[in-house]
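give me a 3D structure for the following:
(3 chains)
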Amino acid sequence: MIKKTIPDLDLAQTAYSGQVFRMLPVEEERAREISTKISFPEDSPCFRAVTGCHQVEICQNGHEFAFMTSESEFELVWRDYFDLDTDYSEIKKLCDPADTYLLASIKKGWGIRILKQDLWEVIVSFVISQNNNIPRIRASIEKLCSLTGNDTIPDPEFLSQIPVNVLHSFGLGYRDEYLHKIAVNVMEGTFMPGRLRSMSYEDAKKELMKQTGIGNKVADCICVFGLHMLNAFPIDTHVKKILSEHYKDGFPFDKYGKYAAVLQQYMFYNDLTK
DNA sequence: CAACAGGCGGGAC
DNA sequence: GTCCCGCCTGTT
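Below is the predicted model of the structure:
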(Lines give C-alpha, C1' and ligand atoms only; values in the text may rest on other atoms or scores of the structure.)
Protein backbone atom coordinates (compact mmCIF):
# COMPACT_ATOMS: atom_id res chain seq x y z
CA MET A 1 0.00 0.00 0.00
CA ILE A 2 1.20 3.49 -0.78
CA LYS A 3 -0.28 6.86 0.11
CA LYS A 4 -0.33 9.87 -2.17
CA THR A 5 -1.63 13.40 -1.85
CA ILE A 6 -3.41 14.31 -5.08
CA PRO A 7 -5.15 17.59 -5.96
CA ASP A 8 -8.26 17.84 -8.13
CA LEU A 9 -9.22 14.19 -7.78
CA ASP A 10 -12.43 12.68 -6.44
CA LEU A 11 -12.92 8.98 -7.10
CA ALA A 12 -16.71 8.98 -7.11
CA GLN A 13 -17.01 12.02 -9.36
CA THR A 14 -14.53 10.53 -11.80
CA ALA A 15 -16.18 7.10 -11.72
CA TYR A 16 -19.64 8.55 -12.35
CA SER A 17 -18.76 11.25 -14.87
CA GLY A 18 -19.65 9.01 -17.80
CA GLN A 19 -16.16 8.27 -19.07
CA VAL A 20 -15.58 4.84 -17.56
CA PHE A 21 -17.74 1.77 -17.02
CA ARG A 22 -15.52 -0.51 -14.99
CA MET A 23 -14.48 1.79 -12.14
CA LEU A 24 -16.84 0.67 -9.41
CA PRO A 25 -17.07 0.98 -5.62
CA VAL A 26 -15.35 -1.75 -3.63
CA GLU A 27 -17.83 -3.89 -1.67
CA GLU A 28 -18.72 -2.27 1.66
CA GLU A 29 -17.18 -4.87 3.92
CA ARG A 30 -13.90 -4.88 2.00
CA ALA A 31 -13.88 -1.07 1.92
CA ARG A 32 -14.25 -0.90 5.69
CA GLU A 33 -11.50 -3.47 6.13
CA ILE A 34 -9.07 -1.49 3.97
CA SER A 35 -9.99 1.87 5.47
CA THR A 36 -9.40 0.60 8.99
CA LYS A 37 -6.08 -0.99 8.07
CA ILE A 38 -4.73 2.25 6.64
CA SER A 39 -6.31 4.40 9.39
CA PHE A 40 -8.75 6.24 7.13
CA PRO A 41 -12.30 6.87 8.40
CA GLU A 42 -14.12 3.55 7.99
CA ASP A 43 -16.69 5.01 5.59
CA SER A 44 -14.05 6.34 3.20
CA PRO A 45 -14.94 5.93 -0.48
CA CYS A 46 -13.03 3.08 -2.09
CA PHE A 47 -13.06 2.17 -5.77
CA ARG A 48 -11.54 -0.50 -7.96
CA ALA A 49 -9.89 0.77 -11.13
CA VAL A 50 -9.08 -1.55 -14.03
CA THR A 51 -6.99 -1.08 -17.13
CA GLY A 52 -5.60 -3.75 -19.38
CA CYS A 53 -4.38 -6.55 -17.12
CA HIS A 54 -3.86 -4.23 -14.14
CA GLN A 55 -6.28 -3.45 -11.37
CA VAL A 56 -6.06 -1.63 -8.06
CA GLU A 57 -8.19 -0.72 -5.07
CA ILE A 58 -8.01 2.93 -4.04
CA CYS A 59 -9.42 4.65 -0.97
CA GLN A 60 -9.89 8.36 -0.55
CA ASN A 61 -9.74 10.57 2.51
CA GLY A 62 -9.99 14.16 1.31
CA HIS A 63 -6.95 14.77 -0.85
CA GLU A 64 -5.19 11.73 0.55
CA PHE A 65 -5.32 8.51 -1.43
CA ALA A 66 -4.23 5.01 -0.58
CA PHE A 67 -3.38 2.77 -3.54
CA MET A 68 -3.34 -0.94 -2.73
CA THR A 69 -0.28 -1.53 -4.86
CA SER A 70 3.47 -1.02 -4.96
CA GLU A 71 5.31 2.21 -5.62
CA SER A 72 6.70 0.75 -8.84
CA GLU A 73 3.29 -0.24 -10.22
CA PHE A 74 1.90 3.12 -9.20
CA GLU A 75 4.60 4.82 -11.24
CA LEU A 76 4.30 2.35 -14.10
CA VAL A 77 0.52 2.32 -14.46
CA TRP A 78 -1.58 4.52 -12.20
CA ARG A 79 0.23 7.85 -12.36
CA ASP A 80 -0.48 7.88 -16.06
CA TYR A 81 -3.99 6.38 -15.77
CA PHE A 82 -5.15 9.13 -13.42
CA ASP A 83 -3.45 11.78 -15.54
CA LEU A 84 -1.53 13.03 -12.52
CA ASP A 85 0.96 15.06 -14.53
CA THR A 86 -1.80 17.35 -15.78
CA ASP A 87 -2.62 20.39 -13.65
CA TYR A 88 -6.42 20.54 -13.58
CA SER A 89 -6.43 23.71 -11.48
CA GLU A 90 -4.93 25.48 -14.50
CA ILE A 91 -7.73 24.17 -16.71
CA LYS A 92 -10.37 25.37 -14.26
CA LYS A 93 -8.82 28.85 -14.36
CA LEU A 94 -9.75 29.09 -18.03
CA CYS A 95 -13.38 29.49 -17.02
CA ASP A 96 -14.82 32.90 -17.73
CA PRO A 97 -15.93 34.33 -14.34
CA ALA A 98 -19.15 35.46 -16.03
CA ASP A 99 -19.88 31.90 -17.21
CA THR A 100 -22.00 30.99 -14.21
CA TYR A 101 -23.17 27.62 -15.47
CA LEU A 102 -19.65 26.38 -16.11
CA LEU A 103 -18.51 27.84 -12.80
CA ALA A 104 -21.23 25.90 -10.98
CA SER A 105 -20.37 22.75 -12.93
CA ILE A 106 -16.70 23.00 -11.97
CA LYS A 107 -17.68 23.50 -8.36
CA LYS A 108 -19.76 20.34 -8.43
CA GLY A 109 -17.33 18.18 -10.39
CA TRP A 110 -14.08 19.66 -9.05
CA GLY A 111 -12.52 16.20 -8.70
CA ILE A 112 -13.06 14.85 -12.20
CA ARG A 113 -9.98 13.86 -14.15
CA ILE A 114 -9.94 12.40 -17.65
CA LEU A 115 -8.64 8.88 -17.19
CA LYS A 116 -6.13 7.51 -19.68
CA GLN A 117 -7.94 4.27 -20.34
CA ASP A 118 -6.92 1.40 -22.56
CA LEU A 119 -7.72 2.41 -26.15
CA TRP A 120 -9.26 -0.90 -27.23
CA GLU A 121 -11.41 -1.07 -24.12
CA VAL A 122 -12.67 2.45 -24.83
CA ILE A 123 -13.52 1.55 -28.42
CA VAL A 124 -15.47 -1.52 -27.35
CA SER A 125 -17.19 0.25 -24.45
CA PHE A 126 -18.38 3.26 -26.40
CA VAL A 127 -19.65 1.27 -29.37
CA ILE A 128 -21.79 -0.58 -26.84
CA SER A 129 -22.82 2.68 -25.17
CA GLN A 130 -24.73 4.11 -28.12
CA ASN A 131 -28.46 4.60 -27.54
CA ASN A 132 -28.06 2.57 -24.37
CA ASN A 133 -28.26 2.98 -20.61
CA ILE A 134 -25.47 2.66 -18.09
CA PRO A 135 -26.58 -0.46 -16.18
CA ARG A 136 -27.03 -2.34 -19.43
CA ILE A 137 -23.69 -1.10 -20.79
CA ARG A 138 -21.95 -2.28 -17.63
CA ALA A 139 -23.66 -5.66 -17.73
CA SER A 140 -22.65 -6.22 -21.36
CA ILE A 141 -19.02 -5.29 -20.70
CA GLU A 142 -18.91 -7.56 -17.66
CA LYS A 143 -20.17 -10.49 -19.69
CA LEU A 144 -17.54 -9.85 -22.34
CA CYS A 145 -14.82 -9.72 -19.69
CA SER A 146 -16.03 -12.94 -18.09
CA LEU A 147 -15.21 -14.81 -21.31
CA THR A 148 -11.47 -14.22 -21.20
CA GLY A 149 -11.01 -15.90 -17.85
CA ASN A 150 -8.92 -13.08 -16.40
CA ASP A 151 -11.56 -10.36 -16.21
CA THR A 152 -10.19 -8.34 -19.12
CA ILE A 153 -11.86 -7.02 -22.25
CA PRO A 154 -11.43 -9.55 -25.08
CA ASP A 155 -8.67 -8.38 -27.39
CA PRO A 156 -9.46 -8.00 -31.11
CA GLU A 157 -8.45 -11.58 -31.92
CA PHE A 158 -10.61 -13.05 -29.16
CA LEU A 159 -13.53 -10.74 -29.89
CA SER A 160 -13.45 -11.43 -33.62
CA GLN A 161 -13.96 -15.12 -32.85
CA ILE A 162 -16.99 -14.69 -30.62
CA PRO A 163 -20.10 -15.63 -32.62
CA VAL A 164 -22.39 -12.68 -33.25
CA ASN A 165 -25.34 -14.45 -31.66
CA VAL A 166 -23.30 -14.81 -28.45
CA LEU A 167 -22.57 -11.08 -28.48
CA HIS A 168 -26.27 -10.52 -29.03
CA SER A 169 -27.10 -12.64 -25.99
CA PHE A 170 -24.88 -10.36 -23.89
CA GLY A 171 -27.41 -7.59 -24.32
CA LEU A 172 -25.63 -5.84 -27.15
CA GLY A 173 -28.72 -5.80 -29.35
CA TYR A 174 -28.10 -4.42 -32.85
CA ARG A 175 -24.58 -3.35 -31.79
CA ASP A 176 -23.45 -6.99 -32.00
CA GLU A 177 -22.58 -6.79 -35.70
CA TYR A 178 -20.78 -3.46 -35.25
CA LEU A 179 -18.47 -4.84 -32.59
CA HIS A 180 -17.79 -8.06 -34.45
CA LYS A 181 -16.91 -6.26 -37.68
CA ILE A 182 -14.63 -3.77 -35.93
CA ALA A 183 -12.70 -6.64 -34.32
CA VAL A 184 -12.45 -8.42 -37.68
CA ASN A 185 -11.19 -5.22 -39.32
CA VAL A 186 -8.44 -4.92 -36.72
CA MET A 187 -7.42 -8.53 -37.33
CA GLU A 188 -7.37 -7.94 -41.09
CA GLY A 189 -5.34 -4.78 -40.67
CA THR A 190 -7.87 -2.48 -42.29
CA PHE A 191 -8.38 -0.67 -38.99
CA MET A 192 -5.32 0.09 -36.87
CA PRO A 193 -6.25 1.82 -33.64
CA GLY A 194 -2.61 2.31 -32.63
CA ARG A 195 -2.08 4.59 -35.60
CA LEU A 196 -4.67 7.02 -34.27
CA ARG A 197 -2.22 8.12 -31.60
CA SER A 198 0.03 9.91 -34.06
CA MET A 199 -2.85 11.65 -35.83
CA SER A 200 -4.45 15.03 -35.31
CA TYR A 201 -7.85 15.01 -33.62
CA GLU A 202 -9.58 15.72 -36.92
CA ASP A 203 -7.83 12.87 -38.73
CA ALA A 204 -8.30 10.40 -35.88
CA LYS A 205 -12.00 11.16 -35.72
CA LYS A 206 -12.38 10.80 -39.47
CA GLU A 207 -10.56 7.46 -39.35
CA LEU A 208 -12.71 6.18 -36.47
CA MET A 209 -15.91 7.14 -38.26
CA LYS A 210 -15.03 4.83 -41.14
CA GLN A 211 -16.03 1.98 -38.84
CA THR A 212 -19.68 1.01 -38.99
CA GLY A 213 -21.06 1.62 -35.52
CA ILE A 214 -18.75 4.54 -34.75
CA GLY A 215 -20.52 7.80 -35.47
CA ASN A 216 -19.90 11.39 -34.50
CA LYS A 217 -20.48 11.09 -30.76
CA VAL A 218 -18.77 7.75 -30.21
CA ALA A 219 -15.75 8.88 -32.25
CA ASP A 220 -15.41 11.95 -30.05
CA CYS A 221 -15.66 9.82 -26.90
CA ILE A 222 -12.90 7.54 -28.17
CA CYS A 223 -10.74 10.56 -28.99
CA VAL A 224 -11.14 11.94 -25.47
CA PHE A 225 -11.14 8.83 -23.31
CA GLY A 226 -8.95 6.55 -25.42
CA LEU A 227 -6.55 9.03 -27.04
CA HIS A 228 -6.65 11.84 -24.44
CA MET A 229 -7.42 14.43 -27.10
CA LEU A 230 -8.83 17.07 -24.80
CA ASN A 231 -9.89 19.37 -27.63
CA ALA A 232 -12.65 16.96 -28.66
CA PHE A 233 -16.17 17.71 -27.40
CA PRO A 234 -18.61 14.78 -27.41
CA ILE A 235 -22.20 15.96 -27.81
CA ASP A 236 -24.81 13.52 -26.49
CA THR A 237 -28.41 14.16 -25.57
CA HIS A 238 -27.41 15.66 -22.20
CA VAL A 239 -24.82 18.02 -23.63
CA LYS A 240 -27.14 18.98 -26.46
CA LYS A 241 -29.72 20.00 -23.89
CA ILE A 242 -27.11 21.89 -21.85
CA LEU A 243 -25.94 23.80 -24.92
CA SER A 244 -29.47 24.77 -25.90
CA GLU A 245 -30.27 25.94 -22.37
CA HIS A 246 -27.05 27.66 -21.34
CA TYR A 247 -25.15 28.45 -24.55
CA LYS A 248 -27.79 29.70 -26.96
CA ASP A 249 -25.13 31.57 -28.95
CA GLY A 250 -22.91 28.49 -29.13
CA PHE A 251 -20.25 27.11 -26.82
CA PRO A 252 -17.21 29.43 -26.79
CA PHE A 253 -14.67 27.07 -28.34
CA ASP A 254 -12.40 30.03 -29.05
CA LYS A 255 -11.88 30.44 -25.31
CA TYR A 256 -12.22 26.85 -24.11
CA GLY A 257 -11.31 24.80 -27.17
CA LYS A 258 -8.02 23.33 -26.02
CA TYR A 259 -9.63 21.70 -22.96
CA ALA A 260 -13.20 21.44 -24.19
CA ALA A 261 -13.35 17.76 -23.20
CA VAL A 262 -12.60 18.50 -19.55
CA LEU A 263 -15.19 21.26 -19.38
CA GLN A 264 -17.67 18.96 -21.10
CA GLN A 265 -17.12 16.44 -18.30
CA TYR A 266 -17.84 19.03 -15.60
CA MET A 267 -21.07 20.04 -17.33
CA PHE A 268 -22.12 16.47 -18.09
CA TYR A 269 -21.58 15.44 -14.49
CA ASN A 270 -23.47 18.50 -13.26
CA ASP A 271 -26.43 17.58 -15.44
CA LEU A 272 -26.29 13.89 -14.55
CA THR A 273 -26.37 14.52 -10.79
CA LYS A 274 -29.10 17.11 -10.65
C1' DC B 1 -49.30 1.62 -23.48
C1' DA B 2 -45.41 5.17 -25.27
C1' DA B 3 -41.06 7.39 -24.40
C1' DC B 4 -36.52 7.18 -23.49
C1' DA B 5 -31.45 5.96 -22.86
C1' DG B 6 -23.89 8.30 -23.27
C1' DG B 7 -26.67 7.31 -31.37
C1' DC B 8 -26.00 5.29 -35.72
C1' DG B 9 -26.76 3.72 -40.51
C1' DG B 10 -29.11 4.11 -44.60
C1' DG B 11 -32.11 6.10 -47.76
C1' DA B 12 -34.59 10.30 -49.54
C1' DC B 13 -33.99 14.67 -51.16
C1' DG C 1 -24.76 18.19 -47.22
C1' DT C 2 -29.58 17.70 -43.94
C1' DC C 3 -33.68 15.22 -42.45
C1' DC C 4 -35.99 11.23 -40.94
C1' DC C 5 -36.89 6.69 -39.62
C1' DG C 6 -36.04 2.07 -37.55
C1' DC C 7 -33.50 -0.33 -34.23
C1' DC C 8 -32.14 -4.36 -29.42
C1' DT C 9 -33.73 -4.05 -24.80
C1' DG C 10 -34.75 -2.72 -19.99
C1' DT C 11 -36.82 0.93 -17.37
C1' DT C 12 -40.22 4.54 -16.25
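
element containing A:Gly36, please.
Gly isn't right for residue A:36; it's Thr. Following DSSP states H and E, one finds A:Thr36 within helix A:28-37.

pLDDT of that helix, averaged?
Helix A:28-37 shows an average pLDDT of 96 in the prediction.

which parts of that helix are buried?
Going by neighbour count (16 or more other Cβ atoms under 10 Å), the buried part of helix A:28-37 is A:Ala31, A:Arg32, A:Ile34, A:Ser35. C-beta: built from backbone N, CA, C; applies to glycine.

what does stretch A:139-146 give?
In stretch A:139-146, residues buried by neighbour count (16+ other Cβ under 10 Å) are A:Ser140, A:Ile141, A:Leu144, A:Cys145.

what helix or strand is the closest residue to A:Tyr201 other than its chain neighbours on?
Closest residue to A:Tyr201 apart from its sequence neighbours, by Cβ to Cβ, 6 or more residues apart in numbering: A:Met229 at 4.6 Å. A:Met229 belongs to no helix or strand when assigned by DSSP H and E.

can you get me a residue count around A:Met229?
Neighbours of A:Met229 under the rule other Cβ atoms under 10 Å: 22.

ok, it touching A:Cys223?
Yes. Under the criterion of Cβ atoms under 8 Å, A:Met229 makes contact with A:Cys223 at 4.3 Å.

any common contacting residues for those two?
Taking Cβ atoms under 8 Å, 6 or more residues apart in numbering as the contact rule, A:Met229 and A:Cys223 both touch A:Tyr201, A:Ala204.

make CSV from the buried residues of stretch A:139-146 and add pLDDT to it.
Shown next, in CSV, are these (pLDDT from 0 to 100):
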residue, pLDDT
A:Ser140, 97
A:Ile141, 97
A:Leu144, 97
A:Cys145, 97
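
any residue of the helix or strand that contains A:Val127 touching DNA strand C?
In this structure, A:Val127 sits in helix A:119-129 according to DSSP H and E. No. Between helix A:119-129 and DNA strand C, judged by Cβ under 7 Å from any atom of the strand, nothing touches; the nearest distance is 9.6 Å.

on that earlier part again, and which of the buried residues of helix A:28-37 is nearest A:Asn132?
Relative to A:Asn132, the closest of the buried residues of helix A:28-37 is A:Ala31; by Cβ to Cβ it sits at 28.6 Å.

and the residue nearest to the closest one when sequence neighbours are not counted, how many neighbours does it have?
Among residues not flanking A:Ala31 along the chain, A:Cys46 sits closest, at 4.0 Å (Cβ to Cβ, 6+ apart). Here the count is done by other Cβ under 10 Å, and A:Cys46 has 23 residues near it.

thought A:Cys46 was touching A:Val56?
No. Look at A:Cys46 against A:Val56 with Cβ under 8 Å: they stay out of range, at 10.7 Å.

tell me which residue in the stretch 151-274 of chain A sits closest to DNA strand C.
Nearest to DNA strand C, among the residues of the stretch 151-274 of chain A, is A:Gly173, at 2.2 Å (Cβ to the nearest atom of the strand).
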